[in-house]
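Novice: Build me a model:
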Amino acid sequence: MEKSCTLLIYYDKGTPAIANEIKEALEGNDVSAKIDALKNAIMLLLNGETLPQLFITIIRYVLTSEDHTVQKLLLLYLETIEKTDSKGKVLPEMILICQNLRNNLQHPNEYIRGVTLRFLSRLRETEVMEPLIPSVLQNLEHRHPFVRRNAILAIMSIYKLPQGDQLLIDAPETIEKVLATEQDPSAKRNAFLMLFNCDQDRAVNYLLTNVDRVSEWNELLQMVVLELIKKVCRTKPSEKGKYIKIIIALLNAPSSAVTYECAGTLVSLSSAPTAIRAAANTYCQLLLSQSDNNVKLIVLDRLNELKASHREIMVEMIMDVLRALSSPNLDIRRKTLDIVLELVTHRNVNEVVQTLKKEVVKTQSGELEKNGDYRQMLVQAIHACAVKFPEVASAVVHLLMDFLGDTNVASALDVAVFVREIIESNPKLRVSIITRLLDTFYQIRAAKVFPFALWIVGEYCLSLSEVESGIATIKQCLGEMPFYSASEEAESNDSSNKTPQNTSAIVSSRRPAILSDGTYATQSAASETVFSPSTVAQGSLASGNLRSLILTGDFFLGAVVACTLTKLVLRLEEVQSSKTEINKAKTQTLLIMVCMLQLGQSHVVPHSIDPDSYERIVLCIKLICHTSDEMKKIWLESCRQSFVKMLSEKQLRELEELKAKAQISNAQPDDLIDFFHLKSRKGMSLLELEDQVQDDLKRATGEFTKDENDANKLNRILQLTGFSDPVYAEAYVTVHHYDIVLDVTIINRTKETLQNLCLELATMGDLKLVERPQNYTLAPESKKKIKANIKVSSTETGVIFGNIVYETSNVMERNVVVLNDIHIDIMDYISPAVCSDSAFRSMWAEFEWENKVAVNTMIQDEKEFLDHIIKSTNMKCLTPTSVLEGECGFLSANLYAKSVFGEDALVNVSIEKQSDEKLSGYIRIRSKTQGIALSLGDKITLKQKGKSS
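Specialist: Below you'll find the predicted structure:
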């Protein structure tokens, strides 16, 4: 059984000191050698060595030393050594130390007195402490505050011993007198802490007597006051009104730590709007005044919690929260925008969008390296505001369209998606958006942005002037046809066959390029040769973006250009009366398409055209040559209708999520409700009145969480031993994200007294025991409740195992009862989350840990199996329901969840129905860390069979 440790020092085990060398150094006269020897002895003791032979040497040669450092190290040594034997009795050698400790407590030097008192506050042996009590009490009146503050802590430690209240009967009264006269802030804080721990009524009495001076006290004392208030209000909720006044007074304290604690305490104790508003204001001030990014992130977390429970009040603070965007840290900005977007209403949306607009303009300065990422976040935030409140779109859409040519492709892509959605949802803006898009079309550089821009041009150019401008703009970006000449192709063929120097130059200049799926490929200088004047037809240099991208072999983009031109020509037939102009446009379009096909089959480009793009361009050529009304309807109407349907489904999903979040818990039929109007209001302040009203409303709507009598508690009770064992044990497991609390109930089922009963626990996985429970004595047929805290450091399935060890009076040997293992479920740490498709694909390509689980289930329906996996893994399905509709015998879906530690869990389910009606396929899990991938895989393997599992 490991003992509790009061001293922790880092120790490098590379060259451990030898006990004999330490002994020789201690016996010598060299003070520096003694200091080093004592340090080595302490290090060895802390790392499990016993060194029993050193104790007498230290008493003979070190105890009498006058050196202050030696004396301090001696006390640390005494603190570290085992002071009791196997039966728990104090070693007789420790009595030898008592006289030396008494001398130290009366030493003329205040440092020696102080460190000795500090040592006594760590002792737990009553036999050693008892003769020293008179000397400790004398030090309460010492002239130096260092001695007094340690004397108070020593008295508190003695009083908290098992028989401490008998050793120091009047300790609380003595400390109360000291508190009334003490001037040193630290000593005063220690005195109040002693009363808080040992005699709470005296501490409360002192606080209420000096309530007007609390704001003038030192921050150390104010922190203890807040702890006392929390403890008192938990036990006596009816009295919290008078304490809330104290907290509000402390909100103006100069210490940031105090104001932060005040705000947290206020939120935990009161639901009154005045109190919540004061707490939110305090958090916003801390957000601006603190320079530490970690502090800002913690404060934003607190504001996020407030937003969940007191949204109406947080809406008023939205502009104060937005000021946190002044921080250059991307995590702070992201978290700020997440909070703000959920607080946007019709009243404040204009102010919020104006602020975001100013931030977008600031990102153009280019001073910060992550401006592109920040601009992408701002664009997404503005997009969300504009979708929710369409009236603000006109104020920002034109500004954002300037960023279609942004060097940050992700940011430009977000702008394109935003423009596509706004032009459909705001018909009034269509003309101005199309005009602006055609003006800025030449600035677009990214191949991923062009398909969006071209689709918008093809779908929303409706009038004659718009259609003609659209065709002219695309033609200008493509340059003059053909893309290359026959003589130039021959030259390129000759140069590739005859000049090995050029080939070697191409190979040597290869560099890695990142493909759209996140993988790497080698891009050679061959792709650049198409830009040279000798290879590209005249006019390509003057033209730009579209031509250069197609010449690098991007034939998917070429197919999109062909489709867009086809739509524009079909629409031109409807709005143009002149047949000559229509035929002219058709021939020019056909020339462009034929030139694309010719380019795709030539040696000028790095690779030939792919079959899909080839078929798409050929289809466009056939359609222009032979147009029918039915085909016109499909190309000019159906595509847009599909987009409208997609938007409406997206809005419906968001609406359903909002409805699910808005559901509140209902009160049970037999719950008591106190009617406030029937209560006495005498002597109550406005704040107390508000607080009681809010409490009653919470009680009426069932918002008070009922920890007691919760039916779900029974499901979390685990039996650790059998009913026939002499000791019965069961545990109630509570998971609090970063730690696990085990409430273990132990029952002595024998007729004998069990001595030195001890619960020994050990863990497997990323679980760490915080403290080991102590030894207990259990009377016949009595029970004992023991708490054990376990820290969790990552999302992984862990196992807790252990024994109960005890002794009986008849048998001297120790008895051991082995406990059942406690398995910690990964489901307690992950929760459903949402991310965009692009973010999912990006993470899927980036994460290195993959766990592949073969489907093995009795379920025969694909959707039923998917629902079963979602329920079993507690994940969110990112694939829309509409995509999963229909019967095709195949299903593929993406699931996503996030752990409490910020880890991402990605799952892809791909299943197929075989001819024998059974399902086959694979479930792939990817994550950044190995633990979550393996644990989630084990969970799926265990649960996937369905009804039979």
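
Novice: chain center to the longest helix anywhere in the chain: distance?
Specialist: Under DSSP state H, the helix in the chain containing the largest number of residues is helix 639-662. On the basis of Cα atoms, centre = their mean, to the nearest Å, helix 639-662 is displaced by 28 Å from the centre of the chain it belongs to.

Novice: How about stretch 397-407?
Specialist: On the basis of Cα atoms, centre = their mean, stretch 397-407 sits 32 Å off its chain's mean C-alpha point.

Novice: Quick one: residues in contact with it.
Specialist: Contacts to stretch 397-407, defined as Cβ atoms under 8 Å, 6 or more residues apart in numbering, come from residues 357, 360-361, 372, 375, 379, 382, 386, 411-412, 415-416, 418-419, 422, 429, 432-433, 436-437, 440, 443-445, 449, 453. The way it works is simple: take the backbone N, C-alpha and C, and place the C-beta from them, glycine included.

Novice: rewinding a little: helices and strands around the longest helix of the chain, which ones?
Specialist: With contacts taken as 3 or more Cβ pairs under 8 Å, 6 or more residues apart in numbering; DSSP states H and E, helix 639-662 sits against helix 409-425, helix 450-460.

Novice: Lowest average confidence across those helices, which one?
Specialist: Note on these: lowest mean pLDDT is at helix 409-425, with a mean of 85.

Novice: Give me the contacts around that one.
Specialist: Residues outside helix 409-425 that contact it (Cβ under 8 Å, 6+ apart) are 372-373, 375-376, 379-380, 382-383, 386-387, 390, 393, 397, 400-401, 403-406, 429-430, 433-434, 437, 444, 446, 448-449, 452-453, 455-456, 460, 640, 643-644, 647, 838.

Novice: before we move on, back to that, for the contacts of stretch 397-407, which ChimeraX command selects only the ones that are buried?
Specialist: A single ChimeraX command selects the buried members of the contacts of stretch 397-407 (16 or more other Cβ atoms under 10 Å):
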select :357,360,372,375,379,382,386,411,412,415,416,418,419,422,429,433,436,437,440,444,445,449,453
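
Novice: mean confidence for stretch 647-666?
Specialist: Rounded mean pLDDT across stretch 647-666 is 70.

Novice: hmm, back to that, weed out the non-buried ones from the contacts of helix 409-425.
Specialist: Neighbour counting with 16+ other Cβ under 10 Å marks 372-373, 375-376, 379-380, 382-383, 386-387, 393, 397, 400-401, 403-406, 429-430, 433-434, 437, 444, 446, 449, 452-453, 455-456, 460 as buried within these.

Novice: out of the helices and strands packed on helix 639-662, nearest to residue 924?
Specialist: Ranking those by proximity to residue 924 (Cβ to Cβ) places helix 409-425 first, at 24.9 Å.

Novice: got the CA coordinates for that closest one in CSV?
Specialist: Below are the C-alpha coordinates for helix 409-425, written out as CSV (Å, rounded to 0.1, in the frame of the first residue of the first chain):
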residue,chain,number,x,y,z
VAL,A,409,-8.1,28.7,-51.7
ALA,A,410,-10.2,27.7,-48.7
SER,A,411,-11.2,31.3,-48.1
ALA,A,412,-12.0,31.9,-51.7
LEU,A,413,-14.0,28.6,-51.8
ASP,A,414,-16.1,29.7,-48.8
VAL,A,415,-16.9,33.0,-50.6
ALA,A,416,-18.0,31.2,-53.7
VAL,A,417,-20.3,28.9,-51.7
PHE,A,418,-21.7,31.9,-49.8
VAL,A,419,-22.4,33.8,-53.1
ARG,A,420,-24.1,30.8,-54.6
GLU,A,421,-26.4,30.5,-51.7
ILE,A,422,-27.2,34.2,-51.4
ILE,A,423,-28.0,34.7,-55.1
GLU,A,424,-30.7,32.0,-54.7
SER,A,425,-32.1,33.1,-51.4
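
Novice: Heading C-terminal from that helix, find the next helix or strand.
Specialist: Next in sequence after helix 409-425, counting helices and strands by DSSP states H and E, comes helix 430-440.

Novice: Put the alpha carbons of that following helix into PDB.
Specialist: What follows is helix 430-440, C-alpha atoms only, in PDB (Å, rounded to 0.1, in the frame of the first residue of the first chain):
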ATOM      1  CA  ARG A 430     -29.200  38.700 -58.400                       C
ATOM      2  CA  VAL A 431     -28.500  41.400 -60.900                       C
ATOM      3  CA  SER A 432     -25.800  43.200 -58.800                       C
ATOM      4  CA  ILE A 433     -24.200  39.900 -57.900                       C
ATOM      5  CA  ILE A 434     -24.000  38.700 -61.500                       C
ATOM      6  CA  THR A 435     -22.500  42.100 -62.600                       C
ATOM      7  CA  ARG A 436     -19.900  42.000 -59.800                       C
ATOM      8  CA  LEU A 437     -19.100  38.400 -60.500                       C
ATOM      9  CA  LEU A 438     -18.400  39.000 -64.200                       C
ATOM     10  CA  ASP A 439     -16.200  42.000 -63.300                       C
ATOM     11  CA  THR A 440     -14.200  40.000 -60.800                       C
END
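
Novice: helices and strands around that helix, which ones?
Specialist: Packed against helix 430-440 by the contact rule (3+ Cβ pairs under 8 Å, 6+ apart) you find helix 393-401, helix 409-425, helix 450-460, helix 464-478.

Novice: could you redo those helices as a markdown table and give each row distance to residue 913?
Specialist: Formatted as a markdown table, the helices and strands packed on helix 430-440 follow (distance: least, Cβ to Cβ, whole Å):
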| stretch | distance to residue 913 |
| --- | --- |
| helix 393-401 | 45 |
| helix 409-425 | 35 |
| helix 450-460 | 34 |
| helix 464-478 | 45 |
